[in-house]
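Colleague: I need the structure of the sequence given here:
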Amino acid sequence: MTSLALPELFHVGWVVRDCQAAQEELGARLGAGPFLSAGETSRFEHAIVHGKPAPFSLKIAFGALGGVLLELLEPLDDRSPHAEFLAAHGEGLHHLAFLVDDFDEQVAAAMHASPPMDLLIDGTGPGNQVRWVYLDGGSDPARGTVIELLERSELSLSAFAPFLELIGRSRPAPG
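Modeller: Below you'll find the predicted structure:
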């Protein structure tokens, strides 16, 4: 079995029905927070989902949870894998995200791993400021883990800086 050489975990993606309610519940129950919104609505107009153009919208917030950056994702339509996940599994852990220096090499390695990973979302096209992908960890839902790879660049580091400050980091560890 071939594995990826991933750097330190960047964030954990958690799908929720209501972003604001989840922030309040996680804050009260687990002491999570503070949270910062990534804007009222995050639109992904140039995403390729399951190999086809499928623009989608999410409400996104990042927060601190025990020293880990937590990304809350509320689907605002039915076109994203997040909405599919919510319909099939309810709220919960959706993906693990990593900022990588060698983005193209990591994506290629994932596609040729044993077993290979499937490209769930391709966010590398024109119009996407930060190149990113979701890789589906396998056909066995019990062991499959969705992995998000984000390209480490000055732009991505600047975009994520306010969220990293929530967990006391100014920049993610080199990948």
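
Colleague: which secondary structure element contains the closest residue to residue 148 other than its chain neighbours?
Modeller: What sits nearest to residue 148 in space, not counting adjacent residues and going by C-beta to C-beta, 6 or more residues apart in numbering, is residue 97, at 3.9 Å. Backbone N, C-alpha and C define where each C-beta goes, glycine included. Residue 97 belongs to strand 92-100 when assigned by DSSP states H and E.

Colleague: note down every partner strand of that strand and its orientation.
Modeller: strand 11-15 (antiparallel), strand 146-151 (parallel) (DSSP bridges).

Colleague: TSV for these, including distance to residue 53, mean neighbour count and mean pLDDT?
Modeller: Rendered in TSV, the data for the strands paired with strand 92-100 read as follows (distance: least, C-beta to C-beta, whole Å; neighbours: other C-beta atoms under 10 Å; pLDDT from 0 to 100):
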stretch	distance to residue 53	mean neighbour count	mean pLDDT
strand 11-15	22	21	96
strand 146-151	19	22	94
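
Colleague: save those as a markdown table, and put in distance to residue 69 too.
Modeller: Putting these into a markdown table (distance: least, C-beta to C-beta, whole Å) gives the following:
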| stretch | distance to residue 69 |
| --- | --- |
| strand 11-15 | 4 |
| strand 146-151 | 12 |
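
Colleague: to residue 85, which of those lies closest?
Modeller: The minimum distance between residue 85 and the strands paired with strand 92-100 falls on strand 11-15, with 5.1 Å, by C-beta to C-beta.

Colleague: low-confidence ranges, this structure, go.
Modeller: Residue ranges of the chain with pLDDT under 70: 1-3, 138-144, 170-175.

Colleague: next SSE downstream of the strand holding residue 97?
Modeller: That would be, after strand 92-100 and using DSSP H and E, helix 103-111.

Colleague: in three-state terms, how would residue 28 be classified?
Modeller: Following DSSP: H, G, I helix; E, B strand; the rest coil, we place residue 28 in the helix state.

Colleague: that one: neighbouring residues, count only.
Modeller: By other C-beta atoms under 10 Å, 10 other residues sit near residue 28.

Colleague: again, but for the one 3 residues further on
Modeller: Applying other C-beta under 10 Å, we find 10 other residues in the vicinity of residue 31.

Colleague: what does residue 108 give?
Modeller: Neighbour tally, residue 108, other C-beta under 10 Å: 11.

Colleague: do the same with residue 32
Modeller: Considering only other C-beta under 10 Å, residue 32 is surrounded by 21 other residues.
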